[in-house]
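Novice: Give me coordinates for this.
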Amino acid sequence: MIKSTSISNGSMTSNHWHRWRLGTPSLSKLRTTSLFREMNSEDDLVESMLLTQLNPLTGPIYVTGAQPGDTLVVEVVDVTVEEQGHMALIPNVGMLRNHTRTPHTKIWKIRDGYSILNEDIQFPIRPIVGTFGTMPAEDGTYAIHPGPHGGNLDDTNLTIGAFYYMPVFVPGALVMVGDVHANQGDSEIAMGIEIDGTVTLRFVDMVRDERIPYARIETADHWVFPADAPTLEEAVEQSAVYAAEFLADRLDISMEDATYLLCAVGNVRISQAAFANYNVTVRTEVPKSIDRRGRLAGYAG
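Specialist: Below you'll find the predicted structure:
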């Protein structure tokens, strides 16, 4: 079933899931809540957080006809956010954990499309979907973990206009989303601006019998190849492998020439390295414009 679906953060807590599990009831329009929705004061502090409690997911969306081995293509049509978001500095979490007072909380007001630190420091919102994927091959995977299915990538490219390619591991694909951020910088440092929001998706295509090794993103100008690993070096290597293999296949060139291309025009960026006791995520971005024959064209742009 190829259609548009709106997914709204709200109050229906029965639709919140912290694990990717087979047997979860399938829905098409869903309501969830952000992790820190009950925090209304900067006196509300987070002393600790279990990984099993993080990133409540909304879903799943059952895609009729999707089978293991297929690749699902979904467009992020829109991401809107509510009027208040939250950040929390938690003891022993985040890159600046040894340089800040913890626990500590910041309530962010969203006004006229801007995130407001104070009356002098404001910037435009740029909402992203931090966690987004199909049901992984391993039943019971916690929502906090990234992987080939996508999951908790915290990739700032997963915003309005992105096309998201996800491998299918179970019948129906069973797509879930969550972890909307009003803003998030690359690497996340500690966390993004966690917030309630509404995500509108369009299910664009289903590529039969062509499973990609890891979820990937297409923007108007780039192909984006995420990867995760316990260390930054391992994650960069795996992301570069995904990018090089894609270029070698699409452009009919050797892995050596694909490597030269990445050396010249590829950009590796850190998506999440928040020192939060799960794998880091990175991505390699490749511009579409390098091929004059248009072989890197896709759905976007």
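Novice: wait, residue 117 sits on residue 109?
Specialist: No - using Cβ atoms under 8 Å, residue 117 is not in contact with residue 109; the gap is 9.2 Å. C-betas here are computed from N, CA, C, even on glycine.
Novice: Quick check: the residue nearest to residue 126 when sequence neighbours are not counted vs residue 194, distance?
Specialist: Spatial nearest neighbour of residue 126, excluding adjacent residues (Cβ to Cβ, 6 or more residues apart in numbering): residue 183 at 5.7 Å. Distance of residue 183 to residue 194, given as Cβ to Cβ, to the nearest Å: 10 Å.
Novice: swap in residue 74?
Specialist: Remark: distance between residue 74 and residue 194 (Cβ to Cβ) = 23 Å.
Novice: now the closest residue to residue 107 other than its chain neighbours: how far from residue 103?
Specialist: Leaving out its chain neighbours, the residue that sits closest to residue 107 by Cβ to Cβ, 6+ apart is residue 42, at 5.6 Å. Here the criterion is Cβ to Cβ. By it, residue 42 lies 11 Å from residue 103.
Novice: swap in residue 64?
Specialist: Separation of residue 64 from residue 103 (Cβ to Cβ): 46 Å.
Novice: Please say which of the two ends up with more neighbours.
Specialist: Under the criterion of other Cβ atoms under 10 Å, the comparison of residue 64 against residue 103 puts residue 103 first, with 15 against 12.
Novice: and the closest residue in space to that one that isn't next to it in sequence, how many neighbours?
Specialist: Excluding its sequence neighbours, the residue lying closest to residue 103 (Cβ to Cβ, 6+ apart) is residue 45, at 3.9 Å. Counted with other Cβ under 10 Å, the neighbours of residue 45 add up to 15.
Novice: so residue 45 touches residue 101, yeah?
Specialist: No - counting by Cβ under 8 Å, residue 45 stays clear of residue 101, with 10.4 Å between them.
Novice: quick one: contacts for residue 224?
Specialist: Taking Cβ atoms under 8 Å, 6 or more residues apart in numbering, we find residue 224 in contact with 155, 157, 216, 217, 218, 283, 284, 285, 286.
Novice: so where is the protein shaky, pLDDT-wise?
Specialist: Scanning the chain for pLDDT under 70 picks out the ranges 1-38.
Novice: Residue 106 in helix, strand or coil?
Specialist: The assignment at residue 106 comes out as strand when based on DSSP: H, G, I helix; E, B strand; the rest coil.
Novice: contacting residues around it?
Specialist: By Cβ under 8 Å, 6+ apart, the contact list for residue 106 reads 42, 86, 87, 88, 117.
Novice: Now for those residues: which two are most distant?
Specialist: Greatest spacing in the contacts of residue 106, by Cβ to Cβ: 88 and 117 (15.1 Å).
Novice: Settle it for me: which of these two has more neighbours?
Specialist: In terms of neighbours (other Cβ under 10 Å), residue 88 is the more surrounded of residue 88 and residue 117; the figures are 23 against 12.
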